[in-house]
Every structure is written in C-alpha cells, then in structure tokens.
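Need coordinates for the below:
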Amino acid sequence: MTEERSGRAAAIRGLTGRCPHCGKGRLFKGYLTIVQSCESCGEPLGLYRAADGPAFFTMTIMLLLLIPMIGFGWVLFRPDPITLLVTVGLAITVLTLLILRLVKGAFVGYLWAQREQDRGA
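Coordinates of the predicted model:
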C-alpha cells in the first residue's frame, strides 16, 4: 500500500528548494536542474519532469505584475519612455529569474505528491 502524500506540504518544501519527501535534501543542482535523487532520503526526484509548466505559470505571474508596474510607474513618476522601458525591463528580468526557480520547486513538489513520474516515450 502507498502512503498518503500531502500536495500542500510537498509544494511548500519544493518552493523552499528542499526534497518534497523529507524536506532536508536539496531539490536543485545548480539553478534549475533537479537532482537525480535526494542526498538525505534517496527519493528519486529526477523522475518528476516539470516540462513547460513552471515557465507557463511564471509568465502568467509576471504578466499580471507587468501591467500595474507600467501603469503605476507612468502615473507616479512620469519618466521618459526609454527610462520606463529600461527600469521595467530590468525589474521584470530579475523577478522572472527569481520566481521561476520558486515555481519550478513547487511544481516538482506537487508532481511528487501526485506521483506524476516521467514514464518515458
């Protein structure tokens, strides 16, 4: 019989970059590469492929943030359009890189909780 896995706890552990099973081992090797197995509990994490899901959710979040950033930036500061383009572009780039790792960790944690492994082609 298989044990019950909490999707919420696994997603939160993944969000923090930890193994969704034990919460102690690292989830990532480098920036976005998922480790093959947890160094602490040995859970095979490399079997959970996130594919394009994290990119989709990150783009959705960033587009929802982009509209108010441009609107409030233009209304409050009245910058030159080039200045607004550069500052918003830089902010969006930095936020995207930060959010992508968080979303991928949570996504892999949720996949682990649902036992959605990559079964191959």
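
Assign the residue nearest to the spatial centre of the chain to helix, strand or coil.
Centroid-nearest residue in the chain, with CA atoms, centre = their mean: Val103, separated by 1.7 Å. Of the three states, Val103 takes helix according to DSSP: H, G, I helix; E, B strand; the rest coil.

what's near enough to touch it?
For Val103, the contact set (CB atoms under 8 Å, 6 or more residues apart in numbering) comprises Pro54, Phe57, Thr58, Ile61. Quick note: C-beta positions are derived from backbone N, CA and C, even for glycine.

Of those residues, select the buried ones using a ChimeraX command.
Buried members of these can be picked out in ChimeraX with the line below, counting by 16 or more other CB atoms under 10 Å:
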select :54,57,58,61
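
In helices only, show me the contacts of Val103.
In helices, defined here by DSSP state H, the members of the contacts of Val103 are Pro54, Phe57, Thr58, Ile61.

residues of the helix or strand harbouring Met69 that come out buried?
Met69 is located in helix 53-77, with elements delineated by DSSP states H and E. By neighbour count on 16+ other CB under 10 Å, the buried set for helix 53-77 is Pro54, Phe57, Thr58, Met59, Ile61, Met62, Met69, Gly73.

Can you get me a residue count around the closest residue to the first one other than its chain neighbours?
Pointing back at Pro54 there. What sits nearest to Pro54 in space, not counting adjacent residues and going by CB to CB, 6 or more residues apart in numbering, is Lys104, at 3.9 Å. Here the number of neighbours of Lys104 (other CB atoms under 10 Å) works out to 24.
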